[in-house]
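In: what's the 3D shape of this:
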Amino acid sequence: MFDSLAEKLNRTLKKLTGRGRLTEANVQEALKEVRLALLEADVNYKVVKKLVSDIRERAVGQNVLESLTPGQQIVKIVNEELTRLMGETRAGLELVGRTPHAVMLVGLQGSGKTTTAAKLARHLRKQGRHPYLVPADIYRPAAVDQLIKLGLQIDVPVYPTEAGQRPEKICIDALAGAGKQGADVLIIDTAGRLHIDETLMAELETIKSRVYPTEILLVADAMTGQDAVTVARNFDERLDISGVILTKMEGDARGGAALSIKAITGKPIKFVGVGEKLNALEPFHPDRMASQILGMGDILSLIEKAQDEFDEKEARNLEKRLRRSEFDLEDFRSQLKQMKRLGSLDEILGMIPGMGKFKKMGNLKPNERELIKVEAIINSMTAEERRRHKIINASRRRRIAMGSGTTVQDVNRLLKNFVQTKKMMERFTKKGGLEIPSFLG
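Out: This next block holds a predicted model:
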């Protein structure tokens with residue numbers, strides 16, 4: 001999402017880090033470019049003005065200009081100010097005290113409330129909570145059915161909303177019946193409109209007055225830029241929202257909403273939606289987002305994604321097989337599948353420190369199609385061929401290529417790369433250098 005902004009900021013800050021000595025004049029010149037990059041990213045102009053002013057005040061100080069590494073210090077200042085702008089610390093859900101808690105999701109139609117409700121339920125369940133999904137959008141066709149289907153996918157109960165029920169009655173009855181479901185958190189999917197109107201706000205205010213929600217979260221589409229900030233401000237004025245969930249952060253939006261919402265409304269971004277899958281909801285960490293924007297990566301989020309998606313038992317079995325030199329194409333395919341659950345290779349590269357600037361280089365840009373081709377080739381092999389790759393002779397290679405829709409050259413390339421990978425992993429294992437990462441153990 002922040003690729004364009006990150007590229008411009010990095011180009012500007014690199015000019016400063018390359019200088020032996022900084023002056024107030026060249027710092028001012030660089031900050032003009034920073035200001036322009038932020039405005040082009042659709043960051044609120046008042047927010048940009050304050051941010052650049054704060055950076056300038058710190059950057060032109062004697063302790064920076066006379067430092068041995070003034071450029072690096074300015075990068076550090078920009079990083080700290082971006083973090084402060086977005087809220088400094090992670091703001092989680094405050095689900096304390098008497099249960100069940102009610103969490104209202106509000107927002108305009110098309111922002112992704114219904115899918116976000118299911119994503120949030122999945123997230124809370126992994127945290128040890130017992131969520132209960134409540135379909136309170138009685139206006140959008142199939143909204144109730146959609147939430148019921150999503151609930152089945154993640155094995156979370158859904159309140160059986162019936163035709164003709166009023167939204168506030170649905171929420172009151174769901175709250176009263178939460179105990180029978182063993183639920184401690186109600187996630188209420190409310191109705192939206194194409195734009196904010198009095199009817200919508202009155203309905204939401206009625207629900208709020210009846211269920212006393214612990215959290216009121218605005219679900220806003222990050223692709224709408226400054227419009228998302230305006231929507232957040234309007235909802236906050238009427239409902240006193242407790243936080244924001246930004247959706248479609250994986251898209252090519254310019255990022256202005258993420259950088260502006262906290263400064264304009266005073267309310268934190270609590271989660272971000274980074275894809276369509278039900279596991280594509282992540283806690284929002286201002287410091288990590290600032291690091292990503294400046295091309296420093298986000299290794300902590302990558303570790304957490306791996307911890308969430310990788311199977312610890314499978315990882316330990318793989319380690320044992322590697323130590324016994326038993327790593328085969330079945331294991332290779334299994335690792336590919338687990339990697340795919342982490343997200344796109346482009347996204348993973350962006351989280352690795354120092355790799356963000358290489359993502360767009362032609363020779364390093366990840367080719368997702370190649371991974372699909374590799375998996376298709378392995379799937380075309382017999383179980384025996386996957387276990388014993390050395391038996392794959394010329395006729396077998398032709399059959400595998402035909403079955404996978406690839407060429408014999410593709411099959412040859414895969415087998416050659418597999419053998420090299422296997423040798424490298426065995427060499428590390430024999431030297432005692434291969435260990436299960438700490439986040440799996």
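In: For the chain, give the helix that spans the most residues.
Out: Determined from DSSP state H, the single longest helix within the chain is helix 408-430.
In: and that one, how far from the chain's centre?
Out: 32 Å (C-alpha atoms, centre = their mean, to the nearest Å).
In: Contact partners for the nearest residue to L36 once chain neighbours are set aside?
Out: In space, and not counting its chain neighbours, L36 is closest to K8: 8.0 Å by C-beta to C-beta, 6 or more residues apart in numbering. Glycine gets a C-beta too; all of them are placed from N, C-alpha and C. By C-beta atoms under 8 Å, 6 or more residues apart in numbering, the contact list for K8 reads 33, 36-37, 40.
In: How about stretch 178-188, which residues are buried there?
Out: Within stretch 178-188, the residues that count as buried by 16 or more other C-beta atoms under 10 Å are 178, 181, 183-188.
In: re the thing from before, secondary structure element for the residue nearest to L36?
Out: In this structure, K8 is located in helix 3-17 according to DSSP states H and E.
In: Show me the contact partners of the following helix or strand past that helix.
Out: Proceeding C-terminally, helix 3-17 gives way to helix 24-40 as the next helix or strand, assigned by DSSP H and E. For helix 24-40, contacts defined as C-beta under 8 Å, 6+ apart pick out 4-5, 8-9, 12-13, 15-16, 19, 45, 48-49, 51-52, 55-56, 59-60, 65, 74, 78, 254, 259.
In: Buried only: go through these for me.
Out: Of those, these count as buried by 16+ other C-beta under 10 Å: 5, 8-9, 12-13, 16, 48, 51-52, 55-56, 59-60, 65, 74, 78, 254, 259.
In: which one in the buried residues of stretch 178-188 is the model shakiest on?
Out: Of all the buried residues of stretch 178-188, Q181 carries the smallest pLDDT score, 87.
In: contacting residues for that residue?
Out: Contacts of Q181 (C-beta under 8 Å, 6+ apart): 130, 132, 157.
In: Confirm the second one sits in a helix?
Out: Pointing back at Y132 there. No. Under DSSP: H, G, I helix; E, B strand; the rest coil, Y132 sits outside any helix and is assigned strand.
In: and it, how many neighbours?
Out: 27 (other C-beta atoms under 10 Å).
In: And for the first one?
Out: Burial measure for H130: 17 neighbouring residues, criterion other C-beta under 10 Å.
In: What are the boundaries of the strands in the protein?
Out: 101-106, 131-135, 185-189, 215-221, 243-247, 269-273, 281-283 (DSSP state E).
In: Can you list the strands that the longest one pairs with?
Out: Just to be clear, that refers to strand 215-221. Strand pairing for strand 215-221, using DSSP bridges, gives strand 101-106 (parallel), strand 243-247 (parallel).
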